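**Student:** Curious how this folds, go ahead:
(chains A and B)
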Amino acid sequence: MWRLWAVFSIFVVLFAAIVLRLLYWTTVKGDELRAQAAFQYVVERTLPASRGGILSSDGSPLVINQPAYLVYGEPKRIKDMGAFVRSVSPVLALDGQLLSAQLSDPNRVWVPIAHKVEAPKVSALKALDLTGLGFEKEPKRYYPEASMAAQILGFVGSDVNGHDKGYFGLEGYYDRELRGKDGMQVAEKDVRGAPILVGNATRIEAEDGRTLVLWIDRMIQGIVERRLQEGMRKYGASEGTVVVMDPATGGILAMATYPSYDPQNFKAFEKSLYKNPIVASAYEPGSTFKVLVMAAAIQEKLVTPAATMEETGPVSIGDYTIRTWNDLYHGTITMTKVLEYSSNVGMVYVANKLGKEKTLSYIRNFGFGAPTGIDVEEESAPQLRKDSEWGVIDLATTSFGQGIAVTPIQMVRAAAAIANDGWLMEPHVVKEIRDSRGRSVSVRPKKVRQVIQSATANVISEMMVAAVDNGEAKWAKPKGYRIAGKTGTAQIPVAGHYDENKTIASFVGFAPADNPKFVMLVTLREPKSSPWGSETAAPLFFTIARDLFHALGLPPQY
Amino acid sequence: MIRRITSFISSCIPFFLVGGILVEFLLTNHLASLGREVRIIDEHISQVREENERLVQDVASASSLLTVTERAKELGFMESAEYLTIGTNQFPFALNVR
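**Tutor:** This is a model prediction of the structure:
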């Protein structure tokens, strides 16, 4: 009897063991096994989104995508490693030994050999018909205009996960819009890997990145870049910038910096060149700042163009002495003459009439001390000192543009306010954003505030025309056009004092003065031919202006 | 008469059922095997897209300012060194000749 019970017990135990094991596989390991099974019969494929392009104002492409591939090796499928390396490395210009070492790692089944390889090289590799060599699409950027507008555009590099990411300029600022969103396809597959149409399938289409249409005019950008390079060579400057803006909309028509870099091969250039100095580097504006302080004083009705002051000699402020740039003094001069002669002494008189509070208020209203909001990644804005830290000498030096740091984009925007009936605009590079279906959203021009009244703007514009017609740079001015402008020569601060020999020469202006189509700022750092703005930046401004008059079809006005 | 028709229909139902099941099997099998063609079409679409990208790149390159400038030079166009403007007060002779 006990033998029967023993056998029965053994069967019960075995049965219980089987049930427990089944419970284990269905509950504890259930999810894992389901996933493994799904991996065998489900294929999941990412549908990559194309990165959006960047077009100039006439629709010509500045940045588009070109077909490129990731080339990879599967070491376990390579039959003859030596022949493989000898065939592949010359095509991709790789070190054969290094490649061989990478492919010989026993722990790796998949080795990336080269990223973003262009189509002709891929065709050459495909022609080799090598087992173990594979290709995966990995588009890269193409710049039809080469290095034009490099610092506005930025470049596309990789993030920590190896995915494309935009850096600097527009690629950085609009990275999310340009990137788009990858799609996904999940479908049941047969033994050969082909999708089964009647099976379960999910497809989410990729959303291609949006396309940016810029205010940048390709023709104007080309003119500006060419003339800037010529000017750099002629005047021996170490760095130069030119920015051209539409005063009515705030649209950036051109922005050039030299030296620059090639975004197609950004790794071959110094990293310091990636940053756009027009939006990211500060300088002391010098005498170009005088027009803003004068505009403030006229707006406050403290001076008029015909009001006079006595320019008899240097002015002492505490331990400091303020002189004119050439140490010449003209006696009784009008406010218009103060700008024509670019008189520092005259500007100290104006600043004293304005007073500290009003001067600082107008400096802030003209947009200094805060970012302009331009749509490029690396904008920075030098902060203004606290009001309590401004002394009498600071007010005096600021009146002629020393002792205050600004960026070129801040300066040109402030000058554009004068050209735009006193309205300060938010500068923008992008005019329109288009999605992959062709729907577009316009980036509307944004008025920030009216800094001065229209009447004041007209008055100061006439004073700036007089400064051009009768000032130090009048010899270079194109005949037949009314151009409003101001030269600037600022000493460069070095280790707590100003360098006596090094200057930043600049010129800011707009034309035609009565109905401005463009406002432009030219800066040249450390020009060797002459330190003065009237002899370097001003003639360069007028040369570019001449080209722009012709390009924009603006006839002479008189 | 109606009874005959009804009887006829009743006797045909099994054949319809078997026929329907057979058709479904054949259609499903055909659809299931179409996955390979779909994959081929997908690859073809991908190739055409890539070809389009290459053509867009070629067009962009051909219409770039650099290319147009070089072509213009080949055709004999010259770059103007400088534009000279003169004001009306510099005209040495009278205008408005009637």
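
**Student:** Quick check, A:S56 in contact with A:L62.
**Tutor:** Yes: taking contacts as Cβ atoms under 8 Å, A:S56 lies within contact range of A:L62: 5.5 Å. All C-beta atoms are positioned from the backbone trio N, CA, C, and that covers glycine.

**Student:** Quick one: residues contacting the spatially closest residue to A:D246 that is not a sequence neighbour.
**Tutor:** Distance criterion Cβ to Cβ, 6 or more residues apart in numbering or on different chains; nearest residue to A:D246, sequence neighbours excluded, is A:L253 at 5.8 Å. The neighbours of A:L253, taking Cβ atoms under 8 Å, 6 or more residues apart in numbering or on different chains as the test, are A:S57, A:W215, A:I216, A:D217, A:I220, A:Q221, A:V244, A:M245, A:D246, A:F518.

**Student:** ok, the residues you listed vs chain B, which is closest?
**Tutor:** A:Q221 (8.8 Å; Cβ to the nearest Cβ).

**Student:** List the buried residues of whichever strand or helix holds the closest one.
**Tutor:** If you go by DSSP states H and E, A:Q221 is part of helix A:218-235. Using 16 or more other Cβ atoms under 10 Å in any protein chain shown as the test for burial, helix A:218-235 gives A:218-228, A:231-232, A:235.

**Student:** and if you look at stretch A:305-321?
**Tutor:** Using 16+ other Cβ under 10 Å as the burial criterion, the residues of stretch A:305-321 that qualify are A:P305, A:A307, A:T308, A:M309, A:E311, A:V315, A:I317.

**Student:** quick one: average pLDDT of the longest strand belonging to chain A?
**Tutor:** Longest strand of chain A, by residue count under DSSP state E: strand A:497-511. Mean pLDDT, computed over strand A:497-511, is 90.

**Student:** And stretch A:297-307, by the same measure?
**Tutor:** The average pLDDT within stretch A:297-307 is 97.

**Student:** cool, stretch B:27-47 as well?
**Tutor:** In this model, stretch B:27-47 has a mean pLDDT of 81.

**Student:** Export only the CA atoms of that stretch, formatted as CSV.
**Tutor:** Written as CSV, here are the backbone C-alpha positions of stretch B:27-47 (Å, rounded to 0.1, in the frame of the first residue of the first chain):
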residue,chain,number,x,y,z
LEU,B,27,-6.1,36.4,-50.7
THR,B,28,-4.5,36.3,-47.2
ASN,B,29,-1.6,34.3,-48.5
HIS,B,30,-1.2,36.6,-51.4
LEU,B,31,-1.3,39.7,-49.1
ALA,B,32,1.1,38.1,-46.7
SER,B,33,3.6,37.5,-49.4
LEU,B,34,3.3,41.1,-50.8
GLY,B,35,5.5,42.3,-47.9
ARG,B,36,8.5,41.6,-50.1
GLU,B,37,7.3,43.8,-52.9
VAL,B,38,6.5,46.5,-50.3
ARG,B,39,10.1,46.4,-49.1
ILE,B,40,11.3,46.6,-52.7
ILE,B,41,9.1,49.6,-53.3
ASP,B,42,10.3,51.2,-50.1
GLU,B,43,13.9,50.8,-51.2
HIS,B,44,13.0,52.2,-54.6
ILE,B,45,11.4,55.2,-52.9
SER,B,46,14.4,55.7,-50.8
GLN,B,47,16.7,55.6,-53.9
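
**Student:** That stretch and chain A, are they touching?
**Tutor:** Yes: residues of stretch B:27-47 contacting chain A under Cβ under 8 Å from any Cβ of the partner chain: B:T28, B:L31, B:A32, B:S33, B:L34, B:G35, B:R36, B:V38, B:R39, B:S46.

**Student:** Any figure for the gap between the first one and A:Y41?
**Tutor:** Translated: B:T28. Here the distance between B:T28 and A:Y41 works out to 17 Å (Cβ to Cβ, to the nearest Å).

**Student:** In terms of pLDDT, where does B:T85 sit?
**Tutor:** 67.

**Student:** again with A:I322
**Tutor:** On the pLDDT scale, A:I322 gets 92.

**Student:** Now it. Nearest residue, chain neighbours left out?
**Tutor:** A:V315 (4.6 Å).

**Student:** Now A:Y69, what are its backbone angles?
**Tutor:** phi -140, psi 150 (degrees, to the nearest 10).

**Student:** wait, it sits on A:A124?
**Tutor:** No: look at A:Y69 against A:A124 with Cβ under 8 Å: they stay out of range, at 11.9 Å.

**Student:** Looking at those two, which is more packed in?
**Tutor:** A:Y69 (23 against 15; other Cβ atoms under 10 Å in any protein chain shown).

**Student:** which ones are touching that one?
**Tutor:** By Cβ under 8 Å, 6+ apart, the residues touching A:Y69 are A:K116, A:V117, A:A119, A:V122, A:F135, A:E136, A:K137, A:E138.

**Student:** For PyMOL, write a command that selects the buried ones of the residues you listed.
**Tutor:** Only the buried entries of the contacts of A:Y69 go into this PyMOL selection, using 16+ other Cβ under 10 Å:
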select buried, chain A and resi 116+117+122+138
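
**Student:** need the contacts of A:Y69 in a markdown table with secondary structure and pLDDT, can you?
**Tutor:** Formatted as a markdown table, the contacts of A:Y69 follow (DSSP: H, G, I helix; E, B strand; the rest coil; pLDDT from 0 to 100):
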| residue | secondary structure | pLDDT |
| --- | --- | --- |
| A:K116 | strand | 92 |
| A:V117 | strand | 94 |
| A:A119 | helix | 89 |
| A:V122 | helix | 93 |
| A:F135 | strand | 92 |
| A:E136 | strand | 89 |
| A:K137 | strand | 88 |
| A:E138 | coil | 90 |
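
**Student:** Noted, bye for now.
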